[in-house]
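Novice: Can you look at this prediction? I've put the sequence above it.
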Amino acid sequence: MDLNDDGKLDIIYTIENSFYCGSGGCSLNILLNINNKYRYIPVTVLNYKDYIYVLNNKTKGLKDLIVNDKCLIRFNGKEYELIKCL
């Protein structure tokens, strides 16, 4: 998916093993493709369990995301952070 609408695919991934996962789920990771070099974008305070929805609206140049069917996360210029869960 393209998180900044630059026409290049970015990567959202998780590693599923006991080191990265706990009772709340697995850590979510993002690699932003900038001129064919990937920049790691941290995702704080969030454990991924289910689906990721990419929204059309952007914050600080990157698209907002809905994860786990109910939690909104936004880019604050340095990392994606949890805004709220419904």
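Specialist: Ah, there it is. Numbering: from 1, shown residues only.

Novice: Low-confidence bits of the protein, can you list those?
Specialist: 19-25, 45-49 (pLDDT under 70).

Novice: Quick check: which element contains the residue nearest to the spatial centre of it?
Specialist: Central residue of the chain (C-alpha atoms, centre = their mean): residue 30, 5.3 Å from the mean position. Using DSSP states H and E, residue 30 falls within strand 25-34.

Novice: So residue 78, which state does it fall into?
Specialist: coil (DSSP: H, G, I helix; E, B strand; the rest coil).

Novice: Name the nearest residue to it, ignoring sequence neighbours.
Specialist: The spatial neighbour of residue 78 that comes closest, neighbours along the chain excluded (C-beta to C-beta, 6 or more residues apart in numbering), is residue 42 at 7.5 Å. For glycine as for every other residue, the C-beta is placed from the backbone atoms N, C-alpha and C.

Novice: residue farthest from the centroid of this structure?
Specialist: Distance to the chain centre peaks in the chain at residue 18, reaching 20.4 Å (criterion: C-alpha atoms, centre = their mean).

Novice: what's stretch 44-62 in contact with?
Specialist: Residues from elsewhere that reach stretch 44-62, judged by C-beta atoms under 8 Å, 6 or more residues apart in numbering: 1, 3-5, 12, 14, 21-22, 24-28, 32, 41, 63-69, 71, 73-77, 79-82.

Novice: Then stretch 5-19?
Specialist: Applying C-beta under 8 Å, 6+ apart, the external contacts of stretch 5-19 come out as 1-4, 20-21, 26-34, 36, 38, 48, 52, 58, 63, 65.
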